[in-house]
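Here is a sequence together with a model predicted from it:
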Amino acid sequence: MATEQIQTLHPTAGKTNKRISLEKYNIIRENILAILHDKELTHTELMEILYDRVKDTFDGGVQWYGETVKLDLEARKIIERNGTKPEKYRFIGTESFHQK
């Protein structure tokens, strides 16, 4: 039986993002939203915390999936870069998520 897939979006017009497992997408999405719920983080900080949270239970490249889902969440206007130097990501959407 084939795994359910999701076509992720890219925040840059004209660029296409990847089709990935919906199950893996949801795991990474939930964690990114929980991480950014009440703080702004640089890309490096976000990816390091994400890796630490899921490395023992996630089957796949955490950094690769993290980047793919992060771009999708940006394109869907759920998270955004704040424009500072260094840029930081923050949660802006009304998406619900489960706090871990």
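Yes, it's here.

What helix or strand is the residue nearest the centre of the chain located in?
Centroid-nearest residue in the chain, with CA atoms, centre = their mean: K70, separated by 3.1 Å. Element membership for K70, per DSSP states H and E: helix 62-75.

Report the distance from that helix to the chain centre.
Going by CA atoms, centre = their mean, to the nearest Å, the spacing between the C-alpha centre of helix 62-75 and its chain's C-alpha centre is 4 Å.

Show residues contacting it.
For helix 62-75, the surrounding residues in contact (CB atoms under 8 Å, 6 or more residues apart in numbering) are 8-11, 17-18, 20, 24-25, 28-29, 32-33, 46-47, 50-51, 54-55, 58, 79-81, 89, 93. Bear in mind the C-beta positions are built from the backbone N, C-alpha and C, glycine included.

same thing with stretch 22-39?
Taking CB under 8 Å, 6+ apart as the rule, stretch 22-39 contacts 3-6, 8, 41, 46, 49-50, 53-54, 58-60, 62, 65-66, 68-70, 72-73, 78-79, 89-91, 95, 97-100.
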